[in-house]
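A.B. asks: 3D model of this:
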Amino acid sequence: MADYNKPKDPNWLCTFTLRKNPDKDPNKPETKNRPDYVLVDSTNKDGTPNLNKSGTPFKKNFTVNGSWSEASGYKQPDNTLKITLKKTSSTGAATQPQNTTGFKEVVVDEF
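C.D. replies: Modelled structure (predicted):
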């Protein structure tokens, strides 16, 4: 999970930590499409790693608007970092916000 101590900023969504991906080797072409940065591993309350059935640690996921999410980072050619958030749960699907103004929203490609 992300940071449990939510900041008092009403616009805050989540906080997460990324680390360099240990499964990516720049010298191996088969790992070139893997993310450069991944979420840190999940741990139990006693500090031991939380492992899946194959014995590898779960990534520390977080929720955004009720959907479980996972983050990964990709270093770009111009040395910027592109962060991708993906929904990982099948429940709590992200939905479009409801229009409560009573006005019809016009989409440019509608006609």
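
A.B. asks: Check the model's average confidence along stretch 31-50 for me.
C.D. replies: Mean pLDDT, stretch 31-50: 88.

A.B. asks: Now that stretch: buried residues?
C.D. replies: 35, 36, 37, 38, 39 (16 or more other CB atoms under 10 Å). For the C-beta atoms, the positions are set from N, CA and C on the backbone; glycine is no exception.

A.B. asks: Mind picking the two most distant members of those?
C.D. replies: Pairwise distances across the buried residues of stretch 31-50 peak at 12.7 Å for 36 and 39 (criterion: CB to CB).

A.B. asks: if we can go back for a sec, will you turn the buried residues of stretch 31-50 into JSON lines that also has distance to residue 75 and secondary structure?
C.D. replies: JSON lines is the format used below for these (distance: CB to CB, whole Å; DSSP: H, G, I helix; E, B strand; the rest coil):
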{"residue": "35", "distance to residue 75": "9", "secondary structure": "coil"}
{"residue": "36", "distance to residue 75": "4", "secondary structure": "coil"}
{"residue": "37", "distance to residue 75": "8", "secondary structure": "strand"}
{"residue": "38", "distance to residue 75": "13", "secondary structure": "strand"}
{"residue": "39", "distance to residue 75": "16", "secondary structure": "strand"}
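
A.B. asks: Kindly indicate which of the residues you listed lies nearest residue 51.
C.D. replies: Distances from residue 51 to those, taken by CB to CB, are shortest for residue 39, at 15.3 Å.

A.B. asks: wait, the closest one sits on residue 72?
C.D. replies: Yes: the pair residue 39 / residue 72 is scored as a contact, 7.4 Å apart, by CB atoms under 8 Å.

A.B. asks: following the helix or strand of the chain with the lowest mean pLDDT, which helix or strand shows up next?
C.D. replies: Taking mean pLDDT, DSSP states H and E as the measure, the helices and strands of the chain show their lowest mean at strand 62-64, namely a mean of 81. Heading C-terminal from strand 62-64, the first helix or strand you meet, by DSSP states H and E, is strand 67-75.
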